[in-house]
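> what shape does this take:
(one chain, ligands or ions: 1)
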Amino acid sequence: MTAHANELAVHVRGLRKRYGDVTAVDGIDLGIRRGEVFGLLGPNGAGKSTTVEILQGNRSRDAGDVSVLGSDPSTGTRAWRSRVGIVWQDESAPAELTVRETVRHFARYYARPRDPDEVIGLVGLEEKAGSRIKALSGGQRRRLDVALGVIGDPELLLLDEPTTGFDPGARRRFWDLIRKLSAEGTTILLTTHYLEEAEALAHRLAVIAKGQVVAEGEPATLRDRYGTEATVQWTEPDGTQGREHTGTPTRTIAGLMRRFDGEIPGLRVSRPTLEDVYLRLTGQEAAP
Ligand SMILES: Nc1ncnc2c1ncn2[C@@H]1O[C@H](COP(=O)(O)OP(=O)(O)OP(=O)(O)O)[C@@H](O)[C@H]1O
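Below you'll find the predicted structure:
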C-alpha cells in the first residue's frame, strides 16, 4: 500500500474470496474517500456481503490488499474496531432488554460514545425507547441495529443492506439519517439491491456482478456513460410496432420522416434510465 492509500477511508486492490467452488469476490478494486457515501450495488449473490464482511475484519480473504482507516482489517486492533461502525444483521441484542437499555449497554464498549437518547432519536425510535426488543417490528429492529452501529461515533460506517424489510416511510427516514451522519463527516459504505437508494444517497457507487466491479462512478455519470443509446419507437402502417436502439436517434427520425413523408405515427423516443443501465450491466436486462 502506498502513502496515498491512507488518504482513502477504504482502499481495496485485487480482492478475492472463494467458498469451495464458488468464487464470491473475483478481483475487486475499490477506493472510498473520507466523508463520502459510497454505494455498493448489485444483485443477489454478487459478492456484496462477502466484501463488507472482509472490510469489517469478520471474514478472511484469499488474495488482495485491503486497508480500512489505514489498517488491514484482518489484524485490526480494538482501537481500530471502535472507529468502524458495524451493523450486525443477526439478532445479537438480548431480546428481554428495552431499546434504551440496549443502546446504553452498547455505549459502554466505547471510550467516547454518542449520547444514547440522541442516537435513539436519530433512528426515530423515541416512542419505542421503553419497549423490549422482542416487541419490535422487523423495520424497527433494523433501526435499532443501525443505532448500535453509530453509538460509538464511528468515522466509518459499514452498512450491509440496511433497509431490507423497511416500509417506504421507514426507508425515507433512514435516508435522512444517512444524510445527517454524512453531513457530520461520517464516511459511509452501504450495500443495497435498491438502485433508487443508491441514487438517492451515494456520492459514488460501484456496481458489482459475479464478484467483479462492472462500473464505478457518480450515479449521473454512470447513466451518461452507459446509457448513451436511445430507443426510437413508431407504428408501422400495418399497425405493428417499429423499434430501433440507436446512438443517433435524430438520424433515425429523419429517415422515418422521409419514409412516412411527414408525421411519424406513434413516435416515441426514450433514453435509458439508470435502472436500465444497472440491469444491463448486471446481466439482468429486462425483455424489451
Ligand atoms: N458462507 C458461505 N459459504 C459458501 N458460499 C457462500 C457463503 N457466503 C456467500 N456464499 C456465496 O458467495 C456468493 C456471494 O455471496 P454474497 O452473500 O457475498 O453476495 P451478496 O451480493 O451479498 O448477495 P445478497 O444480495 O443476496 O446478500 C454467492 O454465490 C453465495 O452463495
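> please name the nearest non-neighbouring residue to G247.
E229 (5.4 Å; C-beta to C-beta, 6 or more residues apart in numbering). No exception for glycine: its C-beta is placed from N, CA and C like everyone else's.
> who are the contact partners of the one you found?
Neighbour list for E229: 245-247, 272 [criterion: C-beta atoms under 8 Å, 6 or more residues apart in numbering].
> distance of the residue in the stretch 101-250 of the chain that the ligand sits nearest to relative to R18?
For the stretch 101-250 of the chain and the ligand, the shortest gap (C-beta to the nearest ligand atom) falls at H193, measuring 5.9 Å. The gap separating H193 from R18 is 23 Å, by C-beta to C-beta, to the nearest Å.
> repeat that for I253.
Counting by C-beta to C-beta - I253 and R18 are separated by 50 Å.
> give me the more crowded residue out of the two.
I253 (18 against 15; other C-beta atoms under 10 Å).
> flag every residue of the protein that's near the ligand.
Counting by C-beta under 6 Å from any ligand atom, the residues of the chain close to the ligand are 19, 22, 24, 42, 44-50, 193.
> highest neighbour count among those?
That'd be G42 among the residues of the chain next to the ligand, by other C-beta under 10 Å, with 27 neighbours.
> what about that residue, distance to R142?
For G42, the distance to R142 - C-beta to C-beta - is 20 Å.
> swap in D276?
29 Å.
> higher neighbour count, the two?
Using other C-beta under 10 Å as the criterion, D276 and R142 rank with R142 on top: 22 against 18.
> tell me the secondary structure at that one.
helix (DSSP: H, G, I helix; E, B strand; the rest coil).
> quick check, it in contact with F166.
Yes: look at R142 against F166 with C-beta atoms under 8 Å: they come within range, at 6.6 Å.
> test my guess that I133 contacts V103.
No: the criterion here is C-beta under 8 Å, and I133 misses it with V103 at 10.6 Å.
> between those two, who's got more neighbours?
V103 (27 against 19).
> tell me which helix or strand that one sits in.
For V103, the host element (DSSP states H and E) is helix 99-107.
> and that helix, what does it pack onto?
helix 116-122, helix 138-150 (3 or more C-beta pairs under 8 Å, 6 or more residues apart in numbering; DSSP states H and E).
> now that helix: mean pLDDT?
For helix 99-107, mean pLDDT rounds to 94.
> contacts for that helix?
93-94, 97, 113-114, 116-117, 119-120, 125, 128-131, 133, 136, 144, 147-148, 151-152.
> are any of these buried, and if so which?
93, 113-114, 116, 119-120, 125, 128, 133, 136, 144, 147-148, 151-152 (16 or more other C-beta atoms under 10 Å).
> picking that back up, how about the residue of the stretch 101-250 of the chain closest to the ligand, phi and psi?
phi -90, psi -20 (degrees, to the nearest 10).
> just the pLDDT at it, thanks.
81.
> now do E161
86.
> burial check on the closest residue to it other than its chain neighbours, number of neighbours?
What sits nearest to E161 in space, not counting adjacent residues and going by C-beta to C-beta, 6+ apart, is T191, at 5.5 Å. Neighbourhood size, T191 [other C-beta under 10 Å]: 24.
> and E7, by the same measure?
Count around E7 with other C-beta under 10 Å applied: 12.
> can you check the one 5 residues further on too?
By the criterion of other C-beta under 10 Å, V12 has 23 neighbours.
> who are the contact partners of the closest residue to it other than its chain neighbours?
Spatial nearest neighbour of V12, excluding adjacent residues (C-beta to C-beta, 6+ apart): L30 at 4.2 Å. Residues in contact with L30, defined by C-beta under 8 Å, 6+ apart, are 10-12, 15, 38, 40, 51, 206, 213, 216.
> between these, which has the most around it?
In the contacts of L30, the most neighbours by other C-beta under 10 Å go to T51, 31 neighbours.
> that residue is in what secondary structure piece?
helix 48-56.
> go through the helix or strand hosting A220 and flag the buried ones.
When secondary structure is defined by DSSP H and E, A220 falls within helix 219-226. Buried positions in helix 219-226, judged by neighbour count with 16+ other C-beta under 10 Å: 219, 222-223, 226.
> can you check stretch 73-93 too?
Buried residues in stretch 73-93 (16+ other C-beta under 10 Å): 73, 76, 80-87, 93.
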